[in-house]
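In: my questions concern the predicted model and sequence given below.
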Amino acid sequence: MRNEEVMPVQVCYTRVGEVILVDVQVSPGTTIMQAIERSGVLKQAPEINLQTQKVGVFGKLKSLEARLHPNDRVEIYRPLVADPMEARRRRAAKHGR
């Protein structure tokens, strides 16, 4: 890729105790899936299952086919381990509310 034909993006995945953040140079028109594959994150975190896990850009859910823009941050989201409402109820009960 020539320099004028690339754009920077980041791919981010967080697991317990570790943040994986990879800067990648991609061509205009690159999809989220292509950026994830190019980043090498799937090799660093083999537990990622893109068939079941959601992805997004800057906190907004996107499909794997969505096209990226310069300086986008692709985020791979982990599945929730607890229902957020149930966790809130437990915390409130613990504090007597």
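Out: Thanks, I have it.

In: I'd say Leu50 and Thr31 touch.
Out: No: the pair Leu50 / Thr31 is not scored as a contact, 11.8 Å apart, by CB atoms under 8 Å. Bear in mind the C-beta positions are built from the backbone N, C-alpha and C, glycine included.

In: between these two, what contacts are shared?
Out: Leu64 (CB atoms under 8 Å, 6 or more residues apart in numbering).

In: compare those two (neighbour count), which wins?
Out: Just comparing Leu50 and Thr31: by other CB atoms under 10 Å the higher neighbour count belongs to Thr31, 17 against 14.

In: the more buried one and Val57 touch, don't they?
Out: No: counting by CB under 8 Å, Thr31 stays clear of Val57, with 11.4 Å between them.

In: joint contacts of the two?
Out: Joint contacts of Thr31 and Val57 (CB under 8 Å, 6+ apart) are 66, 68.

In: flag the shaky bits of the chain, pLDDT-wise.
Out: Within the chain, the ranges that satisfy pLDDT under 70 run 1-4, 81-82, 97.

In: so which residues of it form helices?
Out: With DSSP state H as the criterion, the chain has helices at 32-39, 41-44, 84-94.

In: what does the shortest one contact?
Out: It refers to helix 41-44. Residues outside helix 41-44 that contact it (CB under 8 Å, 6+ apart): 11, 13, 20, 22, 36, 48, 50, 76.
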